[in-house]
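[1] next comes the sequence, and after it the predicted model I'd like to discuss.
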Number of protein chains: 2
Amino acid sequence: MTSDEEPPTAAKRSDRTKATILSAARRRFAADGYERTTIRAVAADAAIDPSMVMRYFGSKERLFDAALTIDLRLPDLGAVAPQDLARTLLRHFLDRWESDPADDALLVLLRSAVTNERAALRMHEIFATQVAPALGAALGPQAAAVAPVLTTQLLGLALTRYLVRLPAVTALTPEQLVDALLPAVQATVRSAGSRPPGPTTL
Amino acid sequence: MTSDEEPPTAAKRSDRTKATILSAARRRFAADGYERTTIRAVAADAAIDPSMVMRYFGSKERLFDAALTIDLRLPDLGAVAPQDLARTLLRHFLDRWESDPADDALLVLLRSAVTNERAALRMHEIFATQVAPALGAALGPQAAAVAPVLTTQLLGLALTRYLVRLPAVTALTPEQLVDALLPAVQATVRSAGSRPPGPTTL
DNA sequence: CTTGAGTGTCAACAGTTGTTGGCCTACATT
DNA sequence: AATGTAGGCCAACAACTGTTGACACTCAAG
């Protein structure tokens, strides 16, 4: 076999441009959402012809799918002491988002999920496959009751700080945000234990 | 002067159609957001020609402005006992949203604010003129520290339940939601008193 | 040198969008 | 009956969208 493998160095020129397109697409989707992002704009950012975007990704929808491979990279919450859980979660997400808000896949997805059904379904999927299991490992059977509330709180933070950019929220430093939100998140985590399965559940 | 006043009954035919357009616009903006809402679709819903929408409102942007006269109708929170504040807030917004999610101006605005700069600015304005003062009346000078967190929590709820429609959140009844969120919101309200003005404020 | 695939550009399509201007009709006032 | 105006419709515009097909360049293999 002397004939088939690809050039060892410079791993194919096309892969590089494909990656360039993908990163431009992520930035555009993050900044503008699905509907306002145009293939022409993505192509221009990637300094390439719009038709190449089509050739590499087939359609705008498939480009969107490709741009949104989401891995929350949640740590093993089973190894975290319950009293540290709230702080760990807040820090984890804030760290991610602060490092590069315009390129974080979760923020990209969230912005589009508000007006795009496809993106919303993707969000549901991530909750079911990543958030719920991770919290289950930390909180056991009580997690089901708490997970939606925690999601509400964390996505609420993402919404007000990175999407709507409320001045009152963007004015705070990440450390101040952790301090400000900690009581609420901690109360939520604690409510898991204190509330027996069904008090007023009809 | 016997000549000028308008017909007393049936207060002008044009007012009625203008109102019809406005209500159709609200529904469309709520369902689709600013970008995906088309004037043609609004006109079709109102059973009228698209050009009439332009004649009455001038442009899509001005139609959007007209559709979004937001009054949160917040009760006088100064009259609410501090320990009831959390529950009052939760109930107030849940009641509003549940009664007609597809026509609530705040949800309409929120959906668009995520991708539309103009709508986002409108949101900032509402926070400054309605939310902040109302909370100020209830919490005094501490309100400034708490208001952003409360906003995060309430908008987080709106986001997950009405915009992204996470199954884990839509599955709950309003009463269950109040119960689930209460510990967190209460902890936030309480944190207003316990945290002196500036511990780590550099 | 010739080939032929890989990589890219250009120009155009068909559909949709916000927006505009001309025309028609009903009807209260003269 | 004549008429002016408010309310409405129709057809078209220019711009922009996702998408497609034909053509040009590069460069290693034969």
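    Nice, thanks for sending it over.
[2] so which bits of chain A are right by DNA strand C?
    Taking C-beta under 7 Å from any atom of the strand as the measure of proximity, chain A contacts DNA strand C at A:12-14, A:17, A:47-52, A:55. In short, each C-beta sits where N, CA and C put it, glycine included.
[3] now, which of those residues sits nearest B:L63?
    Closest approach between the residues of chain A next to DNA strand C and B:L63, by C-beta to C-beta: A:P50, at 31.2 Å.
[4] A:R40 is in contact with the closest one, correct?
    Yes: between A:P50 and A:R40 there is a contact under C-beta atoms under 8 Å: 5.0 Å.
[5] check the residues of chain A next to DNA strand C for burial and list the buried ones.
    For these, a burial check counting by 16 or more other C-beta atoms under 10 Å in any protein chain shown picks out A:17, A:48, A:52.
[6] including secondary structure, pLDDT and distance to B:D104, could those go into JSON lines?
    As requested, those are exported to JSON lines (DSSP: H, G, I helix; E, B strand; the rest coil; pLDDT from 0 to 100; distance: C-beta to C-beta, whole Å):
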{"residue": "A:T17", "secondary structure": "helix", "pLDDT": "94", "distance to B:D104": "46"}
{"residue": "A:I48", "secondary structure": "coil", "pLDDT": "96", "distance to B:D104": "43"}
{"residue": "A:M52", "secondary structure": "helix", "pLDDT": "97", "distance to B:D104": "43"}
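[7] any idea how chain A splits into domains?
    A:13-67, A:77-194 (automatic domain parsing).
[8] need the winner for burial among these.
    Highest mean neighbour count of the domains of chain A: domain A:77-194, a mean of 19 (counted as mean count of other C-beta atoms under 10 Å in any protein chain shown).
[9] farthest pair in the residues of chain A next to DNA strand C?
    Largest pairwise distance in these, by C-beta to C-beta, is 21.5 Å, between A:K12 and A:P50.
[10] closest to DNA strand D out of the buried ones among the residues of chain A next to DNA strand C?
    Here the nearest of those to DNA strand D, counting by C-beta to the nearest atom of the strand, is A:M52; it sits at 8.6 Å.
[11] look up how far B:L154 lies from A:L166.
    12 Å (C-beta to C-beta, to the nearest Å).
[12] and the one helix or strand A:R16 maps to, anywhere near chain B?
    Assigning secondary structure by DSSP states H and E places A:R16 in helix A:13-36. Yes: against chain B, helix A:13-36 shows contacts by C-beta under 8 Å from any C-beta of the partner chain at A:32-33, A:35-36.
[13] now do stretch A:175-192
    Yes: applying C-beta under 8 Å from any C-beta, one finds that stretch A:175-192 is in contact with chain B at A:175-176, A:179-181, A:183-188, A:190-191.
[14] which residues sit against that stretch?
    With contact meaning C-beta atoms under 8 Å, 6 or more residues apart in numbering or on different chains, stretch A:175-192 is reached by A:82, A:85-87, A:89-91, A:94, A:139, A:142-143, A:145-146, A:149-150, A:153, A:157, A:161, A:169, A:172, B:145, B:148-149, B:152-153, B:180, B:183-188, B:190-191, B:200.
[15] residue contacts, the residue nearest the centre of chain A?
    With distances taken as C-alpha atoms, centre = their mean, the residue of chain A nearest its centroid is A:L106 (1.5 Å). By C-beta under 8 Å, 6+ apart, the residues touching A:L106 are A:70, A:72, A:96-97, A:126, A:158.
[16] repeat that for A:L154.
    A:89-90, A:93, B:156.
[17] mind listing which of the residues you listed are in helices?
    Under the assignment DSSP state H, those contribute A:89-90, A:93, B:156 to helices.
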